[in-house]
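J.: Pasting the sequence and the predicted coordinates here, then a few questions.
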Amino acid sequence: WDTSDWESVEEETAGQKDPWLQDCVVSLSPCSDLLVVAREHRAVFLSAKWRTDDSGREEMTLTVSWSGTLSSEEGECVSSAICIPLASQKRSSTGRPDWTCVVVGFTSGYVRFYTELLHEDPVLRLKCRTYEIPRHPGVTEQHEELSILYPGAMVTIDGFSLFQSLRACRNQVARAAAAGSDVIQPPPLAYKKWGLQDMDTIVDHSSVGIMTLCVFDQMKNASILGGFSASVKGSPPAMSQYVTVGAGPYTGFYYAVEGSSQPLLSHVALAVASKLTSALFSAASGWLGWNKNKTEEEAVQKQKPKVEPATPLGIRFGLPDSRRHGESICLSPCNTLAGVTDDFGRVTLLDLARGIAIRMWKGKVHNPNLKNLHIIILFLKMILSTNVRLLEIHFNCILLFLLHFSDKKSEQAKDMHLVKRLTTLLKSRDALESLLSNKNAPVSCLTNITCALHDTLKQKDPEEVDITLLQLCSSQLKLLQLYTDIHQLHSAPNVEGSTENQDSLEGIEDELSRIGPTLQHYAQHSSRPSVSFAQDSPDSPPPAQTFLSQMEVTDDGELKVIRGSEAEWNQLGNFLFWGCLCGKSPRHKVCETLQQAGISPQQLLSLLLSVWLQREKEVLQKPVESVRNLHTLLAALSNMKGAVEESWDPQSVSPWWQQVRCTCIQSHNAAAALLAALVAHRAAKASITSRADSKLQSEWEAVSLELEQWVVCVRQLEDVLVLQTLLLVPPLQGPAGGATVQCSIKTLLEGGTGGIADSVSKWVFKQSMAPERLKEILQKRENTDGDDKRHKEGEEGNEEKELLVAVCQRFPHSLSPDLLFAHCCWEYVVQWNKDPEEGRYLCWAVEHLKLISSPHIQLGISTMMWSTFIVKRFSAAAFLMEKVGKAPKDRLCRRDVGMGDKAMTSFLGCCVQLLQVLMEADSAVEEVSAPELSVEEAWCGAEGPASIAELALDQRGVHFPLVQHHCLLASLLHAAMTFSLRVKPLSLFDSKGKNAFFRDLTTIQLMPSGDMDPGLVSLRQEVNPDILQRHLVCELYNQGLDLRAEEVMLEVEDKDVLGSQLLVLTGQRLSYSLLHSQSQTQAAMELLARLPPTLCTWLKAMDPSELRCPLVPLPQTSRLVGRLIEMLPEKHAQYSLALHLLEAIEALTTED
């Protein structure tokens, strides 16, 4: 290559650490006729041109078409670029592109064709998929698309839409240039924006295209995502598949169902009739022939467009590897495979349909400074596409190409002989590493080969031996020997007896007996049926290769455990200690072997505790035996050198025992953590006593800060165990909704003073426990008589009652009735806000609110409920009713208020009750003092958000007349919805009254005076009381009180409307007798067959469940139909239906 054009740049950057090309963004057009090289805010465009050299031979060269500055925003730099050739639409075209569009992404978030902001994060990667000639069988044609990757989002632009927009914009610029103007109207650009979730870091992506699952995969995904109750659509939906690489997980698979996101319109239209300020088009004006006369002074202030929010797209699944970070991904031409590179120098082949990695190659050349990997891949593609045999011929070229991107001052990179020597040395090391990573190789084979290589190296001249390889053999031999020794100890029968000193465990059986019932309840509810496979059994030892990957030998010959994933850590702990905890392996010999290997006691302690907590289910099956084995192991580890410091003062906290406490405090396995704490407490106590005896030669028991912390920890773990047992109790009816809340000492302390009450309130909601039921249980909390506890053992829900009482007794302050009712009230209103159609949730929230005895807490909760959840929907309901002038239909209620008409009626009724509670509480706060909230002594260290009760006490007082004003409106709205009134509710108030509505209840507003406008008074009097009379008549008939209804009927004026209402009620009664009654007679069935088809269809459409008293004697119903016929005029549309009803009831009465 001729590098004369670049040498000047090389000289300028000679003082820099890295080559300048290392930091460049490079993009080559697919037609190989345009190359873009950009760095920071500058760029150069190189065009391919043919020229004839001095010898007359033609060759293609790259000439500079344009160079200059691209950025227009202050501080922004180029972060990605792509060249998109646009095909010509002329029929005479030979297939060459009409023109090439350069798309540039910046760190400011702009993607510039013309000024375009799609997201406010740096642009990471631009990729384009366009039409290709079908070359692979079975590959469907994918639509064209441009995708833009940001750190937390991805924007996709449809290719056809982009083509039309770019063509229109180019035509506008051409026309404007011809007219000597620089004013254009950029068209809007349609795009989709996805917020990629559940992945820590994303650095590259690939848009696979639209795919449709087979029926089996559709059912599999539905069962995994939705559980056993998931439903499956008849036809699998079409989905767009996106694959991302980065970290956490290493590779992520996303699926966007077609139609789940509507295309957004970019706000390019904001720049209408303004001068073109695109950095690309203004800077490249000389190159593209646009905007030639434009000067920088003519640029106008650019308005930053609105950034649309991204549609959340959760990850479907991924390939987790915490240590591996993906760097780039390349899609295969057949759209079924993808290659992924990572920071370990590996290339992984993905099967995109199955979402698995099917092959991994180890890169021979690994340079962490290599950023322009896509150039090398492109170079290899060019070679392979020409001739596969040329690959070996061009190997030296590739190597030189790689070295060009390496550090310029690297002497190793320039010395090819050193490279060859390194390759030779790596062969033996690579061979050993490959052998040790082979999962099928037996341990004996690995040991023998490694030992043979080690002996061979020892016999060689020390100057010729690779020290690194020799050290590798020595370290791996040590690890293989440890693996073999541990495996043999677990395989041999345990000959150790249980004669070791267990004096420090004295009284442990009494402790287990005391907490035994709770442990049984916990074990019963925590054991869930699950599917497991033999190869995944924790009892099976890990392969030697896995063991070797988790250990490393330090420079001083000690062993260090490498902390990998949680599963690998638990597997290693199971291998080392589970046999000892079960009593099947010699505990002391295992500990001695591990100590001699040089593993630190702190790491061994962590492994021991992890397997103890993980195998909680098996531990609880034999708690006494498991506890004794744990005590032996814990004592053995504590006696190791480096465990408990020799200089430890018992009056201070020991880091060794603090590690045990920290593990127990953070664990969600409440029972296993409590048992471990009981054992560690006794072991620490024995250690302190022995130190006191050895130093003071006295028999008194040392009182230390260490023991005090253990007492608090054990108390907290007992509380957590009882609480967790309660939270594990499933609902009495229906499936358990959502995952069980897992609690630990740490989570409860971080949850603040209200964390415990919050956990219990969520459990109360999941149980669908009525407020009165909760009140009844809480009233039993002070009754500690054993006989009273055990009465009504056969009562349904007795277990949950006993557990709830036990929890409340352990948390007398954190679960005081007022605090628990307050949190339950808040939990129910939060759940109602998520699903307003569930009016029962809001009703129960208000009922819990009524049960709070403190008016101060009641007032604060009511105020927060109103301002946070209620007032917005309440005002929407009022404005909607004012607009339509009557009770709105279901569709309008859902559109404006977010719930159906029935749910809105219930909501308005709850608003009336809430405001009434608010007024009563405001009137009572002056009579009693505010309560003092406290927590239990063991839980006084809680740090976190304030409890709902604390927030309630901090609320400001309300303005009573304003609350009363809102209560009047709520009553009016509720009546209008209940009785279907025709009324404009806000029009019944004067201007002051209207202005005071929906204001903050704690502020003082101008209220309506006593003197009311006569016109307003007459308007209020127009509210028809006859509607209420008709409603009362229907309710009395609904209750079966026919005689009382006939008395009220005399006061009704509009008999026609009442007749239509009672006709429906009569049809419900007859429908119940003929179709829904359990005691249907033969005569009733024959009568049903003789009825006119119109009447029969009408009866089947009736809903008798709305009747509060469906079983009414037939003579009463016959009398009701007679009244109907008297009320309805003969020309009424339903008169004939009433006659048919009368005939049917008389026939049914005669048959009876």
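T.: Structure received.
J.: How is this protein divided into domains?
T.: For the chain, the TED database gives the domain ranges 20-133+140-192, 198-258+308-387, 426-491, 554-693+703-727, 729-782+799-1021, 1025-1150.
J.: could these go into JSON lines alongside mean pLDDT and distance to Q545?
T.: No exception for glycine: its C-beta is placed from N, CA and C like everyone else's. Putting those into JSON lines (pLDDT from 0 to 100; distance: least, Cβ to Cβ, whole Å) gives the following:
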{"stretch": "domain 20-133+140-192", "mean pLDDT": "79", "distance to Q545": "36"}
{"stretch": "domain 198-258+308-387", "mean pLDDT": "80", "distance to Q545": "15"}
{"stretch": "domain 426-491", "mean pLDDT": "83", "distance to Q545": "5"}
{"stretch": "domain 554-693+703-727", "mean pLDDT": "89", "distance to Q545": "12"}
{"stretch": "domain 729-782+799-1021", "mean pLDDT": "91", "distance to Q545": "34"}
{"stretch": "domain 1025-1150", "mean pLDDT": "81", "distance to Q545": "67"}
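J.: now those as JSON lines including mean neighbour count and distance to H525?
T.: Output for the domains of the chain, formatted as JSON lines (neighbours: other Cβ atoms under 10 Å; distance: least, Cβ to Cβ, whole Å):
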{"stretch": "domain 20-133+140-192", "mean neighbour count": "17", "distance to H525": "39"}
{"stretch": "domain 198-258+308-387", "mean neighbour count": "16", "distance to H525": "19"}
{"stretch": "domain 426-491", "mean neighbour count": "15", "distance to H525": "32"}
{"stretch": "domain 554-693+703-727", "mean neighbour count": "19", "distance to H525": "7"}
{"stretch": "domain 729-782+799-1021", "mean neighbour count": "18", "distance to H525": "6"}
{"stretch": "domain 1025-1150", "mean neighbour count": "16", "distance to H525": "36"}
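J.: mind checking which of these is nearest L519?
T.: domain 554-693+703-727 (5.6 Å; Cβ to Cβ).
J.: of the domains of the chain, which approaches Q520 most closely?
T.: That would be, of the domains of the chain and by Cβ to Cβ, domain 554-693+703-727, which comes in at 8.5 Å.
J.: The closest one spans what distance, first to last residue?
T.: 46 Å (Cα to Cα, to the nearest Å).
J.: Which strand or helix spans the residue positioned nearest the centre of the chain?
T.: Geometric centre of the chain, nearest residue: D198, 6.9 Å, by Cα atoms, centre = their mean. Assessed by DSSP states H and E, D198 sits outside every helix and strand.
J.: Need the nearest residue in space to it, chain neighbours excluded.
T.: Distance criterion Cβ to Cβ, 6 or more residues apart in numbering; nearest residue to D198, sequence neighbours excluded, is I315 at 4.2 Å.
J.: re earlier: for the domains of the chain, give me CSV that also has distance to Q524.
T.: Below are the domains of the chain laid out as CSV (distance: least, Cβ to Cβ, whole Å):
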stretch, distance to Q524
domain 20-133+140-192, 44
domain 198-258+308-387, 22
domain 426-491, 31
domain 554-693+703-727, 9
domain 729-782+799-1021, 10
domain 1025-1150, 39
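J.: so which of those gets nearest S513?
T.: domain 554-693+703-727 (9.8 Å).
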